[in-house]
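Colleague: this one's structure only:
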């Protein structure tokens, strides 16, 4: 399992967007996993125009994590393990996230920041499905 880090920049916008995402890598050795993960990240590099015609660039910055998965992927399979010796009750409570704050239950609207949506895909959605953008500064669809 590898965590890849990519940086997204938009022409004329000083802010960047950083994505970190986990991917599964099938490999026989850590070196092979490292090479495959880096190739996967590099293959994702691209550039395109957003709906405003600004150039969006996605650049692979590297790996932040590379771990072995020892079990078959199925319900209950251990994917990642952390260990802490001597944790206080306060620390233990801080490790447990209430249901309403778990990522799966949060709204998935795009955070404020540069518009890195693909102009080509937005135009296709508008043309083929009649879906219109809410505003030029938002990647939301109505």
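Modeller: Received it, and whenever you're ready, just let me know what you need. Given the structure is predicted, the values throughout are model-derived calculations rather than measurements. Numbering: from 1, shown residues only.

Colleague: what about this structure, any weak spots by pLDDT?
Modeller: 110-111, 134-142 (pLDDT under 70).

Colleague: need the longest helix for it.
Modeller: For the chain, the helix that runs over the most residues, judged by DSSP state H, is helix 30-43.

Colleague: roughly how far out does that one sit from the chain middle?
Modeller: Remark: helix 30-43 is offset 17 Å from the chain centroid, using C-alpha atoms, centre = their mean, to the nearest Å.

Colleague: Is residue 36 in contact with residue 23, as I believe?
Modeller: No - assessed by C-beta atoms under 8 Å, residue 36 is found out of contact with residue 23, at 9.6 Å. Where C-beta positions appear, they are placed from N, C-alpha and C, glycine not excepted.

Colleague: downstream neighbour of the longest helix of the chain in the secondary structure list?
Modeller: Where DSSP states H and E defines the elements, the next helix or strand beyond helix 30-43 is strand 46-49.

Colleague: Off-centre distance for that next one?
Modeller: 17 Å.

Colleague: Buried residues, stretch 61-72. List them.
Modeller: 63, 66 (16 or more other C-beta atoms under 10 Å).

Colleague: who's in contact with the residue located most distally from the centre of the chain?
Modeller: Within the chain, the residue lying farthest from the chain centre (C-alpha atoms, centre = their mean) is residue 86, at 32.9 Å. Residues near residue 86 by C-beta atoms under 8 Å, 6 or more residues apart in numbering: none.

Colleague: now it, what's its secondary structure?
Modeller: At residue 86 the chain is in coil, as set by DSSP: H, G, I helix; E, B strand; the rest coil.

Colleague: Please report the distance of it from residue 94.
Modeller: 15 Å (C-beta to C-beta, to the nearest Å).

Colleague: Quick check: what element follows the longest strand seen in the chain along the chain?
Modeller: If you go by DSSP state E, the chain has its longest strand at strand 55-66. As assigned by DSSP H and E, the chain's next helix or strand after strand 55-66 is helix 89-95.
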